[in-house]
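Asker: Below are the sequence and a predicted model for it; my questions follow.
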Amino acid sequence: MKVWAVANQKGGVGKTTTAVSLAGLLSNRGRRVLVVDLDPHGSLTSYFGLDPESIEPSVYDLFKNRGDRDAVLPVLRETNIEGLSVLPASTALATLDRQLGTRSGMGLVVQRSMAAVADRFDYAFIDCPRCWGC
Ligand SMILES: Nc1ncnc2c1ncn2[C@@H]1O[C@H](COP(=O)(O)OP(=O)(O)OP(=O)(O)O)[C@@H](O)[C@H]1O
Ligand SMILES: [Mg+2]
């Protein structure tokens, strides 16, 4: 699985649109594609008709479980586009720093989670939040 992170310090510059567009194009070409929403606003999650205010489990649970392999599959959802799945964000992600920021092992959560689904997808696109501290 090839993993692409779509990131930029600025807000509103097309990160989510880029992730959705590339993922859609590749799934249309028959590739198995995963999109990962790391933004507490959950705009990518909403794009696929899911509600970041109420969705459970979500990417937040991946962090809660330190990227444990068994925790990833329950978070995975198929979209209405064939071959395209999503790991959705919930607004709880906004509390991540405060709730779990000081726990050890948090730096490898995304890497571990991607490794857990690497044999299921050809590509993964990670939609990153804007850099609030920049
Ligand atoms: N190539 C483009 N041309 C014109 N408009 C675009 C393009 N890409 C994105 N937009 C529009 O720009 C706005 C912001 O796009 P998007 O939400 O993808 O940005 P973002 O970087 O993910 O924002 P945020 O930092 O808030 O997550 C949206 O209204 C989107 O429709
Ligand atoms: Mg975005």
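Answerer: Great, that's in hand. Residues are numbered from 1 along each chain as shown. Ligands and ions are numbered 1, 2, ... in the order given.

Asker: show me the contacts for Met114.
Answerer: Neighbouring residues of Met114 by CB atoms under 8 Å, 6 or more residues apart in numbering: Met1, Val3, Val36, Ala124. Any C-beta I mention is one placed from the backbone N, CA and C, and that applies to glycine too.

Asker: Show me which of the residues you listed are buried.
Answerer: Listed as buried from the contacts of Met114 are Val3, Val36, Ala124; burial here means 16 or more other CB atoms under 10 Å.

Asker: mind putting the residues you listed in a markdown table, pLDDT included?
Answerer: Formatted as a markdown table, the buried ones among the contacts of Met114 follow (pLDDT from 0 to 100):
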| residue | pLDDT |
| --- | --- |
| Val3 | 98 |
| Val36 | 98 |
| Ala124 | 98 |
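
Asker: Return the subset of the residues you listed lying in strands.
Answerer: Mapping the buried ones among the contacts of Met114 onto strands (DSSP state E) picks out Val3, Val36, Ala124.

Asker: so how far is the lowest-mean-pLDDT helix or strand in the chain off the chain centroid?
Answerer: Lowest on mean pLDDT, DSSP states H and E among the helices and strands of the chain sits helix 96-100, with a mean of 83. For helix 96-100, the separation from the chain centroid amounts to 17 Å (computed by CA atoms, centre = their mean, to the nearest Å).
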